[in-house]
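S.K.: next come a sequence and a model predicted from it.
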Amino acid sequence: MTYASHEALAAAIRSCSRCPLRREGGLGPVLSTGPSDAPLMIVGEGPGGVEDDYGGPLVGPSGQLLDKALLSVGITRDHVYVTNIVKCRPRGNRTPTMEEGRFCGSIWLASEIALVKPKVIVGLGKVALRFFLGREAGIIRSRGHWIDYHGIPVMPTFHPAYLLRQSGRGLVDAKWQVYYDLLAAKEKAAALSPDWVWKSDTMPNLLESLTEERKRRHEGNHIS
């Protein structure tokens with residue numbers, strides 16, 4: 001389904017109860033951040049505890065690492081559209097299954113892509129990779145290789161949570177791989193949208209910007 005506005009899409013996502021994830025105990029669907037006309041879309045896997053608390057994707061420890069990685073290629077988060085394959089938090093912060101990703105993504109992420117019309121997508125982690133690829137695949141071998149998703153180039157790369165689990169030489173190598181993947185995605189998107197501004201003078205405070213959304217989520221949960 002195609003939605004006329006970001007507000008209409010957000011309202012539809014908030015009212016969704018189509019799968020068991022909505023009933024696993026979270027505060028409700030986690031929406032996106034960033035401008036709805038951004039040429040670059042970044043897609044994570046699913047919300048964790050901090051994301052469920054505040055109502056924004058990738059705002060916890062993984063998101064802070066993502067912010068640093070984006071800044072290394074000249075991007076601040078307020079200039080890219082960030083969302084997740086799965087909108088509701090899986091219990092215990094488990095990784096969403098491929099089936100959950102396919103079900104939720106085919107409804108809501110597909111609607112987001114139709115509305116935003118990104119020039120380039122970055123897929124973070126194996127759940128995003130498998131959604132865009134349409135089959136089982138490993139992120140270690142697949143990262144850094146472009147995927148075509150209905151005419152949109154998708155760059156799969158490591159999820160920041162993966163980097164947080166690395167140490168030593170493995171961490172250094174993984175960080176460089178993410179850097180080059182993000183750089184390639186930005187360069188392709190910039191070539192297709194040459195007038196787009198990629199960076200603010202100061203880093204945005206995402207948690208502060210989500211204060212009202214966090215209040216709404218907790219009040220709604222209390223009422224229910």
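M.R.: Perfect, thanks for sending it. As the structure is a prediction and not an experimental result, all values here were calculated from the model.
S.K.: quick one: residue 207 from residue 53, how far?
M.R.: Using CB to CB, to the nearest Å, one gets 9 Å for the distance from residue 207 to residue 53. Heads up, the C-betas are built off the backbone N, CA and C, glycines and all.
S.K.: next one: the longest helix seen in the chain to chain centre, how far?
M.R.: Longest helix of the chain, by residue count under DSSP state H: helix 168-192. Centroid separation for helix 168-192 versus its chain: 16 Å, with CA atoms, centre = their mean, to the nearest Å.
S.K.: from the contact counts, what lies against it?
M.R.: strand 40-44, helix 61-72, strand 120-124, strand 152-157, helix 160-164 (3 or more CB pairs under 8 Å, 6 or more residues apart in numbering; DSSP states H and E).
S.K.: returning to what we had before: residue 207 and residue 53: which has the busier surroundings?
M.R.: A side-by-side neighbour count of residue 207 and residue 53, using other CB atoms under 10 Å, places residue 53 first with 20 against 16.
S.K.: could you find the closest non-adjacent residue to that one?
M.R.: Of all residues not flanking residue 53 in the chain, residue 214 sits nearest, at 6.4 Å (CB to CB, 6 or more residues apart in numbering).
S.K.: that older thread, and the longest helix of the chain, what's buried?
M.R.: Residues 174, 175, 177, 178, 181, 182, 184, 185, 186, 188, 189, 190 are the ones in helix 168-192 that count as buried (16 or more other CB atoms under 10 Å).
S.K.: out of these, which is nearest to residue 46?
M.R.: Checking these against residue 46 with CB to CB, the nearest one is residue 178 at 19.2 Å.
S.K.: which one among the buried residues of helix 168-192 gets closest to residue 106?
M.R.: Closest to residue 106 out of the buried residues of helix 168-192 is residue 185 (22.9 Å), distances taken as CB to CB.
S.K.: tell me, how many residues neighbour the residue nearest to residue 83 when sequence neighbours are not counted?
M.R.: Leaving aside its sequence neighbours, residue 83 sits nearest to residue 32 (CB to CB, 6+ apart; 4.0 Å). Neighbours of residue 32 under the rule other CB under 10 Å: 25.
S.K.: so where's this protein uncertain?
M.R.: Applying pLDDT under 70 to the chain flags the ranges 221-224.
S.K.: quick revisit: and the helix or strand that contains the residue nearest to residue 53, what's buried?
M.R.: Using DSSP states H and E, the secondary-structure element containing residue 214 is helix 211-223. Going by neighbour count (16+ other CB under 10 Å), the buried part of helix 211-223 is residue 217.
S.K.: how about the helices and strands packed on helix 168-192 in CSV, adding distance to residue 109 and mean neighbour count?
M.R.: Shown next, in CSV, are the helices and strands packed on helix 168-192 (distance: least, CB to CB, whole Å; neighbours: other CB atoms under 10 Å):
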stretch, distance to residue 109, mean neighbour count
strand 40-44, 7, 28
helix 61-72, 18, 18
strand 120-124, 10, 27
strand 152-157, 12, 23
helix 160-164, 19, 19
